[in-house]
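> this one's sequence-less:
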């Protein structure tokens, strides 16, 4: 069923550079924006709707879930309901309900997409959302990357993407569309409460901006798109530099870089983006006349200048013998973590009998000759990072692990060797050890 076009609406598959037949899910909240998006995408092959019940807002949340299911049925679109316990997650992590809800929502949807083989998620962020985001980043003193606002397309994890087809569509245009199509929607009562910075901007600041410039959301979306192009170009130059220099670049080459490129190179090299203060300290380290010098940075990172090169190292926390086990036999039992790790041959799968005794089971494929020393097992520690996709990524921030409860993530055994973290269950394998694999490790834990 072909739907009427809406000015500024962009095809989600084109945004992700994917074929039109790639399966796609719409994140359906039941609000005006997501209802409009689902309606606009009707007729797409492989389309379905997914709704996350966060375990907050009581009867209102139940109403939203029921509304979304009825709307999907009306449109003859498959519907999936996912449930999370956001209040429990917020208590465990110390995050606000808003932050915990966003984390839980994307974690639940990403895990579900992986299970269902769905590659693309479409969300209904629009031009007004973009303006709010840019203002938030402006108030934080962000640079170009922050002022790009919400990206039109970004990776959730390897092979899975989220796209925003409505970023150039103002909220007012979406409401007019819904009225023309005679489509109802639900309203989240918390959106009308000035309980956070975003709501303050939406309820107080944007109306004032509209008096000054009615097209402010469209102009902000245009500005964000232009800045995103600039950012992509500058980041590409940083990637090209590292492709030539490697992960231990020459200090001389680094100092010759323009400051905007140097900042982006450091973002790729370090597990956490450096602040302006940290970047100044890094430059002082490189300009120092001492041939050998080091600098400590969070989280537990050490930069070493030696033999004209800059090397990034991770501080290793001392552990007791009980925290480290050598994986030097076919089967290793970890009683403290209620876990079992087995070395297996290529092509084997997880054991169904063992899966009945353990809540979580996964397989990691490695390359033997990429392992430095012995494979060991340990539990996750603060500051742990893994080299993945050319960047050092903080283990605690990996989106692919968010579907695991915090207590399970804390117990889960990680594989590491003399070069640091080697592989993470349900997560990535370190760069260099993830290609032409000839060793498989099966991890079971509760």
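Yep, it's here. Owing to the predicted nature of the structure, the values given are computational and were not obtained by experimental measurement.

> what residues are up against residue 153?
Going by C-beta atoms under 8 Å, 6 or more residues apart in numbering, residue 153 touches 15-16, 161-164. C-beta coordinates here come from the backbone N, C-alpha and C atoms, glycine included.

> quick one: residue 28 and residue 51 touch, right?
Yes - with contact defined as C-beta atoms under 8 Å, residue 28 reaches residue 51; the gap is 5.1 Å.

> tell me, what's touching these two both at once?
With C-beta under 8 Å, 6+ apart, residue 28 and residue 51 have common neighbours 68, 79.

> from residue 143, how far out is residue 131?
Here the criterion is C-beta to C-beta, to the nearest Å. By it, residue 131 lies 18 Å from residue 143.

> check which element follows the helix or strand harbouring residue 180 along the chain.
Per DSSP states H and E, residue 180 falls inside helix 171-181. Using DSSP H and E, the helix or strand that follows helix 171-181 in sequence is helix 197-200.

> which outside residues touch that following helix?
Contacts to helix 197-200, defined as C-beta under 8 Å, 6+ apart, come from residues 132, 136, 139, 191-194.

> give me the buried positions along the helix or strand that comes right after that helix.
For helix 197-200, the following helix or strand on the C-terminal side (DSSP H and E) is helix 206-212. Neighbour counts over helix 206-212 (16 or more other C-beta atoms under 10 Å) mark 206, 209 as buried.

> quick one: which of residue 131 and residue 143 has more around it?
In terms of neighbours (other C-beta atoms under 10 Å), residue 131 is the more surrounded of residue 131 and residue 143; the figures are 26 against 14.

> returning to that earlier point: buried subset of the contacts of helix 197-200?
By neighbour count, with 16+ other C-beta under 10 Å, these hold residue 132 as buried.

> follow-up on the earlier one: residue 28 and residue 51 - which one has more neighbours?
Counted by other C-beta under 10 Å, residue 28 and residue 51 do not tie: residue 28 has more neighbours, with 29 against 26.

> so in terms of bridging, what pairs with the nearest residue in space to the more buried one that is not next to it in sequence?
Once flanking residues are discounted, residue 28 sits nearest to residue 49: 4.3 Å by C-beta to C-beta, 6 or more residues apart in numbering. Judged by DSSP bridges, the bridge partners of residue 49 are residue 26, residue 79.

> likewise for residue 304?
Bridge pairing for residue 304 (DSSP bridges) gives the partners residue 294, residue 311.

> which ones are touching it?
Residue 304 sits in contact with 292-294, 310-313, where contact means C-beta under 8 Å, 6+ apart.

> pull the most distant pair out of those residues.
In terms of C-beta to C-beta, the contacts of residue 304 reach their longest pairwise distance at 292 and 312, which sit 15.5 Å apart.

> who has more neighbours out of these two?
residue 312 (18 against 9).

> pretty sure residue 71 sits in a helix.
Yes - under DSSP: H, G, I helix; E, B strand; the rest coil, residue 71 sits within a helix.

> what about the longest helix along the chain, distance to the chain center?
For the chain, the longest helix by residue count, based on DSSP state H, is helix 216-245. Mean-position distance between helix 216-245 and its chain equals 19 Å (C-alpha atoms, centre = their mean, to the nearest Å).

> about what we covered before: buried residues in the helix holding residue 180?
171, 173-174, 177-178.

> same question for stretch 214-226.
For stretch 214-226, the neighbour count (16+ other C-beta under 10 Å) marks 216-218, 220-221, 223-224 as buried.

> from the chain's centre, how far out does that stretch sit?
Centre-to-centre, stretch 214-226 and its host chain are 25 Å apart (C-alpha atoms, centre = their mean).

> report pLDDT for the most far-flung residue of the chain relative to its centre.
Most distant from the centre of the chain: residue 289, at 39.9 Å, with distances by C-alpha atoms, centre = their mean. Residue-level confidence at residue 289 comes out at 88, pLDDT.

> isn't there a strand covering it?
No - read with three-state DSSP, residue 289 is coil and lies in no strand.

> okay, it and residue 127: tell me how far apart.
Remark: distance between residue 289 and residue 127 (C-beta to C-beta) = 52 Å.

> please apply the same query to residue 94.
As defined by C-beta to C-beta, residue 94 lies at a distance of 33 Å from residue 127.

> between these two, which has more neighbouring residues?
Remark: of residue 94 and residue 127, residue 127 carries more neighbours, 27 against 8, as counted by other C-beta under 10 Å.

> please report phi then psi for the residue farthest from the centre of the chain.
Dihedral pair for residue 289: phi -80, psi -10, per degrees, to the nearest 10.

> circling back: residue contacts, the residue nearest to residue 28?
Going by C-beta under 8 Å, 6+ apart, residue 49 touches 25-26, 28, 38, 68, 71-72, 77-80.

> ramachandran angles for residue 416?
Per-residue torsions, residue 416: phi -140, psi 160 (degrees, to the nearest 10).

> next: residue 101.
Main-chain dihedrals, residue 101, degrees, to the nearest 10: phi -60, psi -40.

> same check, this time on residue 438
Per-residue torsions, residue 438: phi -140, psi 20 (degrees, to the nearest 10).

> identify the residue spatially nearest to it, adjacent ones excluded.
Once flanking residues are discounted, residue 438 sits nearest to residue 368: 5.5 Å by C-beta to C-beta, 6+ apart.

> narrow the contacts of residue 153 to those in strands?
Using DSSP state E to define strands, the subset of these located there is 161-163.

> what's the closest of the residues you listed to residue 422?
Comparing these against residue 422 with C-beta to C-beta places residue 161 closest, at 27.0 Å.

> what about the closest one, neighbour count?
Residue 161: 21 surrounding residues under other C-beta under 10 Å.

> same check, this time on residue 31
Burial of residue 31 is recorded as 18 neighbouring residues (other C-beta under 10 Å).

> so what's it up against?
Per C-beta under 8 Å, 6+ apart, neighbours of residue 31: 124, 185-188.

> residue 253 contacts residue 261, doesn't it?
No - using C-beta under 8 Å, residue 253 is not in contact with residue 261, being 10.8 Å away.

> please enumerate the shared neighbours of those two.
Common contacts of residue 253 and residue 261, defined by C-beta under 8 Å, 6+ apart, comprise residue 241.

> okay, these two: which has more neighbours?
Neighbours were tallied for residue 253 and for residue 261 using other C-beta under 10 Å; the higher tally belongs to residue 261 (18 against 15).

> quote the end-to-end distance of stretch 397-415.
Start to finish, the residues bounding stretch 397-415 are 17 Å apart (C-alpha to C-alpha, to the nearest Å).

> ok, the contacts of helix 197-200 vs residue 427, which is closest?
Ranked by distance to residue 427 (C-beta to C-beta), the contacts of helix 197-200 are led by residue 136 at 29.4 Å.

> any idea what sits nearest the closest one, other than its immediate chain neighbours?
The shortest distance from residue 136 to any residue other than its chain neighbours is 6.2 Å, reached at residue 197 (C-beta to C-beta, 6+ apart).
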